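Student: no sequence on this one, just coordinates:
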């Protein structure tokens, strides 16, 4: 387990490093960064001073090391639009985006799991038809259209919820539903297909033959074994909600990180944009690591240790070791307790 976590952590650091190199290369590909500060009143002395201050008069590898050392400390430079450090701009908006992402995540999980389980358990019934119809509509309707229609109905006609802005929990009801509608429909279909496959499996039939109650068969045996694929999707949803709330925040006028990223692009505010990119990349890497660890918690049959005899295989062809816990036998070499993967 420790070696596996170490490898995954090292891979995450490599992804972050490559992302930082790409961000730095793009900043230099558009020209000298000093051009962003130039005005009609700039002088040659100011140009040379900026070059010495930001290290732009040095080779590119040295410039990257200077930029990366400051970025690790949270210093991505001064925002060209807000005229303050970029790290001071994010905290003002990250709270709104996290509230929106968490609300949409809870809505998507609650609706997707409940409809998916009901559709699979009551297959062919009216509940199955309603669940599949909701999933179809959820995947067919774009989020910006859902947001506009909800504003028209609940704000303009019924006057129950505010149209835009941020203040109370009422301002987050429609944005959370709008952002979580499509993922809820996709999650419902994943859970339904996985649960149907497990409900028709032999171990579920055996549990029923032993007299296990229906609820225990569904939730303890079938549902838990059907969670591998939905957990992968649900885990990535949280990162997608944080990074992909641009449209929803624009429709409802929420001053979150989605709108901030759009403003940074239009205003050529590269310090803020680079900070957002690195923040989103780090979040995705961390979420992927958590998902990989959850696999073992959900399905104890998954082993994170590899068979030592698989090292003789060509590079890149190592098998994924998924070993039933009861057999105590390695699925690669067939060995028993002589193989560490079987223990």
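Tutor: That came through, no problem. Note that the structure is predicted; figures quoted are calculated from it, not measured. Numbering: from 1, shown residues only.

Student: okay, CA-based contacts and neighbour counts for the rest of this
Tutor: Noted.

Student: list the buried ones in stretch 219-227?
Tutor: Taking 16 or more other CA atoms under 10 Å as the basis for neighbour counts, the residues of stretch 219-227 that come out buried are 221, 222, 223, 225, 226, 227.

Student: brain fart, stretch 12-27
Tutor: Going through stretch 12-27 with 16+ other CA under 10 Å, the ones that come out buried are 12, 16, 19, 20, 23, 24.

Student: so who does the second one touch?
Tutor: Remark: with contacts taken as CA atoms under 8 Å, 6 or more residues apart in numbering, residue 16 is in contact with 278, 281, 282, 285.

Student: now pLDDT and secondary structure too, for the residues you listed, in a markdown table please.
Tutor: Supplementary listing: the contacts of residue 16 in a markdown table, determined by pLDDT from 0 to 100; DSSP: H, G, I helix; E, B strand; the rest coil:
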| residue | pLDDT | secondary structure |
| --- | --- | --- |
| 278 | 88 | helix |
| 281 | 86 | helix |
| 282 | 87 | helix |
| 285 | 85 | helix |
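
Student: I'd like these as TSV, with distance to residue 6 and neighbour count appended.
Tutor: Listed next are the contacts of residue 16 as TSV, based on distance: CA to CA, whole Å; neighbours: other CA atoms under 10 Å:
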residue	distance to residue 6	neighbour count
278	21	17
281	19	18
282	16	16
285	13	18
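
Student: hmm, who's touching stretch 228-235?
Tutor: 109, 187, 190, 191, 194, 287, 288, 291, 295, 298, 299.

Student: quick one: which two of those residues are the most distant?
Tutor: Taking CA to CA as the measure, those reach their widest spread between 194 and 287, a distance of 22.4 Å.

Student: compare the two (neighbour count), which wins?
Tutor: Under the criterion of other CA atoms under 10 Å, the comparison of residue 194 against residue 287 puts residue 194 first, with 21 against 16.

Student: isn't the more buried one up against residue 201?
Tutor: No: in this structure, residue 194 sits apart from residue 201 without contact. The criterion is CA atoms under 8 Å, and the distance is 11.0 Å.

Student: quick check: the farthest pair among the buried residues of stretch 12-27?
Tutor: Greatest spacing in the buried residues of stretch 12-27, by CA to CA: 12 and 24 (18.4 Å).

Student: can I get the buried residues of stretch 12-27 in CSV with distance to residue 86?
Tutor: What follows is these, written out as CSV (distance: CA to CA, whole Å):
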residue, distance to residue 86
12, 24
16, 19
19, 18
20, 16
23, 15
24, 16
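
Student: just those residues: which are in helices?
Tutor: For the buried residues of stretch 12-27, membership in helices holds for 12, 16, 19, 20, 23, 24, with DSSP state H as the criterion.

Student: quick one on the thing from earlier: could you work out the most separated pair of the buried residues of stretch 219-227?
Tutor: When these are compared pair by pair using CA to CA, the two farthest from each other are 221 and 227, 10.7 Å apart.

Student: quickly list the domain ranges of this structure.
Tutor: Per the record's domain assignment (automatic domain parsing), the chain is made up of the domains 2-73, 91-298, 305-343.

Student: which of those domains is buried the deepest?
Tutor: Here the criterion is mean neighbour count by mean count of other CA atoms under 10 Å, and of the domains of the chain the winner is domain 91-298, at a mean of 18.

Student: low-scoring stretches of the chain, by residue?
Tutor: In the predicted model of the chain, residues 1, 30-33, 36-37, 54, 243-244, 299-343 satisfy pLDDT under 70.
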